[in-house]
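Chemist: Below are the sequence and a predicted model for it; my questions follow.
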Amino acid sequence: MRNLKLIIMIICASCGGGISNYIEELSGDFIYVNYGGAFNIIQSPNSSYPSIYGEVIDHSYDDNFIIVAQHPSKKGYQSKISSRLRNEDHKRYPNNSEEERLKTDRIADSIITNDPYYQKIFARKLNYWIMSHKNKKMYGPLSEIEYLKKRKELRVPEELQVHNEKH
């Protein structure tokens with residue numbers, strides 16, 4: 001896990017965000033990363049779960065669950081999608097130039113605008129997420145009503161709570 005933290009810090013520095021202010025290991029190999037300002041994320045351990053970008057305003061976890069409250073940030077998602085496009089297709093984007101960055105930013109913007117998954121994320125100003133390690137599933141983005149229902153269904157312990165505003 002230390003190597004993963006180091007890799008994340010190097011990525012942060014190389015993306016222009018500087019060294020992150022704070023990294024916290026969560027259960028299930030997820031990581032909370034506070035890059036400073038409103039760019040706080042839950043980093044997924046692998047591609048079978050999406051990472052939660054934007055402004056993660058609160059999170060809580062135990063050995064079985066991670067729960068998250070999020071104010072979605074289009075800029076945060078666009079930046080990560082754009083970066084992923086450039087990093088995964090070195091033939092199309094060999095130089096990581098300003099022109100390539102602008103092109104992938106436009107593609108990322110189109111993905112966010114047209115993909116139903118991202119439309120759901122940006123349909124609300126506040127989303128909730130639940131990661132169940134037992135079920136190996138991520139639930140979200142959820143409205144508050146959906147979140148409370150899913151908490152009950154999954155039997156998320158009462159002591160795990162998130163606030164829906166920064167504290």
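Modeler: It's in. Treat the numbers as computed from the prediction; the structure is a model and nothing was measured.
Chemist: in the protein, which residue is closest to the centre?
Modeler: Closest to where the C-alpha atoms of the chain average out (Cα atoms, centre = their mean) is I52, at 1.6 Å.
Chemist: which one is that residue nearest to, not counting chain neighbours?
Modeler: In this structure, I52 finds its nearest non-sequential neighbour in I42, 4.2 Å apart by Cβ to Cβ, 6 or more residues apart in numbering. In this view, the C-beta of every residue, glycine as well, is placed from N, C-alpha and C.
Chemist: what's the helix or strand where that neighbour lies packed up against?
Modeler: According to DSSP states H and E, I42 maps onto strand 40-43. If contacts are counted by 3 or more Cβ pairs under 8 Å, 6 or more residues apart in numbering; DSSP states H and E, strand 40-43 sits against strand 31-34, strand 55-61.
Chemist: Let's have those in JSON lines, adding mean neighbour count, mean pLDDT and distance to K125.
Modeler: Output for the helices and strands packed on strand 40-43, formatted as JSON lines (neighbours: other Cβ atoms under 10 Å; pLDDT from 0 to 100; distance: least, Cβ to Cβ, whole Å):
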{"stretch": "strand 31-34", "mean neighbour count": "18", "mean pLDDT": "91", "distance to K125": "20"}
{"stretch": "strand 55-61", "mean neighbour count": "20", "mean pLDDT": "94", "distance to K125": "10"}
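Chemist: Ok, which of these comes nearest R86?
Modeler: Closest to R86 of those, according to Cβ to Cβ: strand 31-34, at 20.0 Å.
Chemist: Before we move on, what's the pLDDT of the residue lying closest to S73 once chain neighbours are set aside?
Modeler: The shortest distance from S73 to any non-neighbouring residue, by Cβ to Cβ, 6+ apart, is to G54 (3.4 Å). As predicted, G54 sits at a pLDDT of 81.
Chemist: Same question for M9.
Modeler: pLDDT at M9 comes out at 46.
Chemist: for I111, same thing?
Modeler: At I111, pLDDT is 94.
Chemist: Alright, calling it a day.
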